[in-house]
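K.L.:
Provide a 3D model corresponding to the input given below.
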Amino acid sequence: MQIVIAGGGPAGASCAKVLAKAGIRAIMIEASPDGDKPCAGGLPSILLERYQIPDLLIKKKATGVVFEAPSGYRVNTDFPDGQFIATVNRKEFDSHLRWLAEDAGAISVRGRVVSYDDKGSQILVRYNDIDGVTRTTEADFVVGADGAWSRIAYQAMGDHLPMVVALQEIITPEADRMAELGNRCIFNYNPAVSPDYYGWIFPKGNSVSVGVGTHMDNKQNLENNLKRMKELHADLLDGGETVTRNGALIPAGRYPEYGKDRIILTGDAAGFVLPACGEGIYYAMRSGEIAANVIKDLGQKRPDIVVSKYTDLINAEFNPIFRYFKKIEKIALSSPINREVLVRLANDKFMSRKILNAFSTKERYDTPFFKKVAVFFNLLGLRTHVALKISRQPGFGK
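P.N.:
Sure, this is the predicted structure:
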């Protein structure tokens, strides 16, 4: 078999590596191997352990989190059991993953996949090479790993997924202010930073990634949202040097099935981004692995059920935690008071541990547990609403 993989990021490289190790001809077609993807670059602990990521790629291990509420109320908490968020430079990280795939025998081509023709038992893939010349190659399967605005996904599924648009800057704060931040990430839930998402600060060596996200409908406010985020954290950022500024798209939904016929979608192209937080690198790598294993096992014997089998395996593994975070997103980000409650929940050690473990170790929770959380959330919400109304805390929801 010959498999063409559109994209050489975490999903594409992980898929290519597994295929190549199985003796299957895997061709990664990556448009920007020398580029640095706009991304905060936060990796959960489980990813480093599972994929044996070398320490030299890690810019910072954030062992703590600061949650900031609309009122300005802040909660400082630590990841349990030695867990952390590791930050990386995406150019270096993605290059490392492609090198592992190439070392296993995968082929890298610089170019951009633009379309395909389904010929039944074969797929004719069109791509533009480094010189802009359109070329073609044949494949038994095509793996769409070409990011959020995937051309492969659009052609196969007929539409793009809903998107969050993000804007971020890499800023180098003054040394003493960077020292004050320490090994912590900041998540800001003020509606002025984002009415439907959140703002973040991730430490990356001697610099920080400062960003905000919002759904496409509110993209016209993105510049002001980022400006507000920087104003709210002037104690850290004032006097710092802005190194780069860039934007990115983050899927805010998933397709009902993750491919069609001989097309398989992975990573951002399929919408595998954790709701409420936007973490997607782990799910990109894991989906690339699962796709490769299904192709390896069924590609020649039962090509007709490859997509359905892949979809079933993904749903069995991803759905428990995706549903959990989707419920958090739906409840907690729906209003300023609910955002306030979310942050105050982090003051409870049990709840903090559950939320952070779900992110860092992918711990799953059943429906009865979440029902208890919802009751606790509503009771705390009522108490918080009354307390804020009485105290009239300045800045709430502004």
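K.L.:
do me a favour and get the backbone dihedrals for the residue lying closest to Glu329 once chain neighbours are set aside.
P.N.:
Leaving aside its sequence neighbours, Glu329 sits nearest to Ala276 (CB to CB, 6 or more residues apart in numbering; 3.7 Å). Using the backbone N, CA and C atoms, a C-beta is placed for each residue, glycine as well. With angles defined as degrees, to the nearest 10, Ala276 sits at phi 80, psi -20.
K.L.:
what does Tyr197 give?
P.N.:
With angles defined as degrees, to the nearest 10, Tyr197 sits at phi -140, psi -130.
K.L.:
what distance do you get for it to Pro191?
P.N.:
10 Å (CB to CB, to the nearest Å).
K.L.:
picking up where we left off before, and the residue nearest to Glu329, how many neighbours does it have?
P.N.:
21 (other CB atoms under 10 Å).
K.L.:
residues touching it, list them.
P.N.:
Phe325, Lys326, Ile328, Glu329, Ala332, Leu333 (CB atoms under 8 Å, 6 or more residues apart in numbering).
K.L.:
narrow these to those in helices?
P.N.:
Among the contacts of Ala276, the ones falling in helices (DSSP state H) are Phe325, Lys326, Ile328, Glu329, Ala332.
K.L.:
how about these in a markdown table, adding pLDDT and neighbour count?
P.N.:
Below are those laid out as a markdown table (pLDDT from 0 to 100; neighbours: other CB atoms under 10 Å):
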| residue | pLDDT | neighbour count |
| --- | --- | --- |
| Phe325 | 84 | 20 |
| Lys326 | 87 | 16 |
| Ile328 | 81 | 21 |
| Glu329 | 85 | 19 |
| Ala332 | 81 | 21 |
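K.L.:
in space, what's closest to the residue nearest to the spatial centre of the chain - neighbours in sequence excluded?
P.N.:
Relative to the mean C-alpha position of the chain, the nearest C-alpha, by CA atoms, centre = their mean, is the one of Gly280, at 2.5 Å. Leaving aside its sequence neighbours, Gly280 sits nearest to Val273 (CB to CB, 6+ apart; 4.0 Å).
K.L.:
would you confirm that Tyr127 contacts Ala139?
P.N.:
No. Using CB atoms under 8 Å as the test, Tyr127 is too far from Ala139 to be in contact (11.0 Å).
K.L.:
and Arg29, what element?
P.N.:
Let me fix one detail, which is that residue 29 is Ile and not Arg. strand 25-30 (DSSP states H and E).
K.L.:
what's the domain layout of this structure?
P.N.:
Per automatic domain parsing, the domain ranges recorded for the chain read 2-37+90-161+253-320, 42-88+163-251, 323-391.
K.L.:
ok, back up a step: Tyr197 and Pro191 - which one has more neighbours?
P.N.:
Tyr197 (25 against 18).
K.L.:
tell me how far that one lies from Gly278.
P.N.:
8 Å.
K.L.:
and for these two, which residues touch both?
P.N.:
Val164, Gly213.
K.L.:
and the helix or strand where Met285 lies, what does it pack onto?
P.N.:
Using DSSP H and E, Met285 sits within helix 281-298. The contact analysis (3 or more CB pairs under 8 Å, 6 or more residues apart in numbering; DSSP states H and E) places helix 281-298 against helix 10-21, strand 42-44, helix 45-51, strand 141-144, strand 263-265, helix 267-270, helix 306-332.
K.L.:
where's the fifth one relative to the chain centroid, distance-wise?
P.N.:
Going by CA atoms, centre = their mean, to the nearest Å, the spacing between the C-alpha centre of strand 263-265 and its chain's C-alpha centre is 19 Å.
K.L.:
summarise which helices and strands that strand is packed against.
P.N.:
strand 141-144, helix 151-157, helix 281-298, helix 306-332.
K.L.:
which of these has the lowest average pLDDT?
P.N.:
Among these, helix 306-332 has the lowest mean pLDDT, at a mean of 91.
K.L.:
tell me the angle the very next helix or strand once past that one makes with helix 306-332.
P.N.:
Using DSSP H and E, the next helix or strand after helix 306-332 towards the C-terminus is helix 336-345. Counting by axes from the mean of the first three to the mean of the last three CA atoms, to 10 degrees, helix 336-345 lies at 100 degrees to helix 306-332.
K.L.:
pull the CA atoms of helix 336-345 into PDB?
P.N.:
Presented in PDB, the C-alpha positions along helix 336-345 are these (Å, rounded to 0.1, in the frame of the first residue of the first chain):
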ATOM      1  CA  PRO A 336     -19.900  36.100  33.700                       C
ATOM      2  CA  ILE A 337     -21.300  34.600  36.900                       C
ATOM      3  CA  ASN A 338     -20.600  31.100  35.700                       C
ATOM      4  CA  ARG A 339     -17.100  32.000  34.800                       C
ATOM      5  CA  GLU A 340     -16.700  33.400  38.300                       C
ATOM      6  CA  VAL A 341     -18.000  30.100  39.700                       C
ATOM      7  CA  LEU A 342     -15.600  28.100  37.600                       C
ATOM      8  CA  VAL A 343     -12.600  29.900  39.000                       C
ATOM      9  CA  ARG A 344     -13.900  29.600  42.600                       C
ATOM     10  CA  LEU A 345     -14.400  25.900  42.100                       C
END
